[in-house]
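Participant: kindly generate the corresponding structure for this input.
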Amino acid sequence: MKGAVNELRLSRPGLCAALAALVPHAGRATPVQPHLGRIRLALTAESLVLWASDGVTSALAQVRVEIVASSELEVWDLSVPVVRKVLGVFRKSATRASEDTSLEVITSEDSMRLTEVGGLFPGESLRVPRHTPPEPEEDTAIDVPRLVLPFLRSTLSTWGTAQLGSEDLAPFVTSAKQFGGALEVLLVDEPAPLVVLRSLDEAFLGVAHRVDRRGDEERCAEQRQESRSVTRSWARLVEPLQRPERVEVDDATREALLAAAGEQIAEHGKSVRLRVIRDELPLEADDQTAESDDDRDGERDDDDDE
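Facilitator: Model prediction:
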């Protein structure tokens with residue numbers, strides 16, 4: 001929101017890698033799609049989460065942060081030209097400074113200042129413009145957390161085959177270079193064929209939406225369980241970052257909510273935050289279901305061995 005001020009510290013190589021990995025997925029702004037060509041940043045209690053999408057591929061990255069001072073955990077956008085300017089300054093500084101230097105980031109209403117700290121010599125400093133997203137009902141940017149969440153809750157496998165166009169794969173080649181050249185490929189069948197790519201250190205997650213799924217899948221229970229653990233972690237991270245959606249409730253439900261809120265305020269004071277959950281199981285229920293699936297998989301594997 002406007003007026004929010006945050007001061008945080010994070011890894012310079014980590015932020016540069018995340019920004020560089022997302023640029024290929026941001027697309028280019030046009031009069032018809034002015035929301036493209038931007039990377040969104042969202043500050044959580046432990047991470048700076050970044051995402052971008054051009055509708056064909058989507059990608060998220062996270063960088064662990066140390067929050068020095070915060071008036072509000074906020075969300076803001078950086079244009080691709082601004083991101084390239086940041087990379088131009090702070091990637092070049094790696095030739096003169098230690099690789100493990102940090103960046104101090106201070107956000108204000110309309111700008112973001114980055115200053116290199118922790119090296120033997122005074123580091124670079126740069127102030128760049130930032131954009132505050134419009135209100136949720138007016139925001140036309142692709143809601144990447146909402147877009148990828150159904151896939152993160154799906155069953156993934158590291159086995160099988162899929163056909164992916166070279167133009168869809170190319171952005172991930174650039175992204176992979178930012179994380180040592182290695183991205184693990186996972187395949188999803190539902191709710192639509194999808195390729196999920198993640199860095200081995202779980203700092204990057206990408207999805208390609210135009211996939212031709214082919215061949216029979218060889219199941220491996222241990223690899224599926226590891227995949228579920230990773231994607232549940234991402235799901236918990238991005239779920240609260242979805243833009244709020246307007247919901248309609250009947251009079252009886254509204255009265256019940258007001259009564260429950262009144263009881264909480266009377267007991268605890270201050271304010272009450274209501275969270276509406278609909279048309280989906282909570283993650284805890286997903287975990288139980290996944291465990292049951294593993295039990296059944298184990299039984300089937302035992303039968304096969306016999």
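Participant: where exactly do the strands run in the stretch 101-250 of the chain?
Facilitator: Using DSSP state E, counting those that start in this stretch, the strands of the stretch 101-250 of the chain run over 102-107, 111-117, 125-129, 156-157, 161-164, 183-188, 194-199, 204-208, 211-214.
Participant: could you give the mean pLDDT of the last one?
Facilitator: On average, the pLDDT along strand 211-214 is 55.
Participant: over to the shortest one?
Facilitator: In this model, strand 156-157 carries a mean pLDDT of 62.
Participant: where does pLDDT dip in the stretch 51-200 of the chain?
Facilitator: Applying pLDDT under 70 to the stretch 51-200 of the chain flags the ranges 71, 93-99, 120, 122, 155-164, 181-182, 187-197, 199-200.
Participant: show me what the longest strand along the chain pairs with in its sheet, parallel or antiparallel.
Facilitator: Ranked by residue count and defined by DSSP state E, the top strand of the chain is strand 57-70. Paired strands of strand 57-70, with direction, are strand 6-11 (antiparallel), strand 47-53 (antiparallel), strand 204-208 (antiparallel) (DSSP bridges).
Participant: what angle separates the helix or strand just after that strand from strand 47-53?
Facilitator: Toward the C-terminus, strand 57-70 is succeeded by strand 75-79 as the next helix or strand (DSSP states H and E). In terms of direction (axes from the mean of the first three to the mean of the last three CA atoms, to 10 degrees), strand 75-79 departs from strand 47-53 by 50 degrees.
Participant: packing partners of strand 75-79?
Facilitator: The helices and strands touching strand 75-79, judged by 3 or more CB pairs under 8 Å, 6 or more residues apart in numbering; DSSP states H and E, are strand 38-43. For every residue, glycine as well, the C-beta is placed using N, CA and C.
Participant: report the angle between the strand it packs on and strand 47-53.
Facilitator: 160 degrees.
Participant: helices or strands up against strand 38-43?
Facilitator: Strand 38-43 packs on strand 47-53, strand 57-70, strand 75-79, helix 80-92, going by 3+ CB pairs under 8 Å, 6+ apart.
Participant: show me what the last one is packed against.
Facilitator: When you say that, I think you mean helix 80-92. helix 12-22, strand 38-43, strand 111-117, strand 125-129.
Participant: kindly recompute the last result at 7 Å.
Facilitator: helix 12-22, strand 111-117, strand 125-129 (3 or more CB pairs under 7 Å, 6 or more residues apart in numbering; DSSP states H and E).
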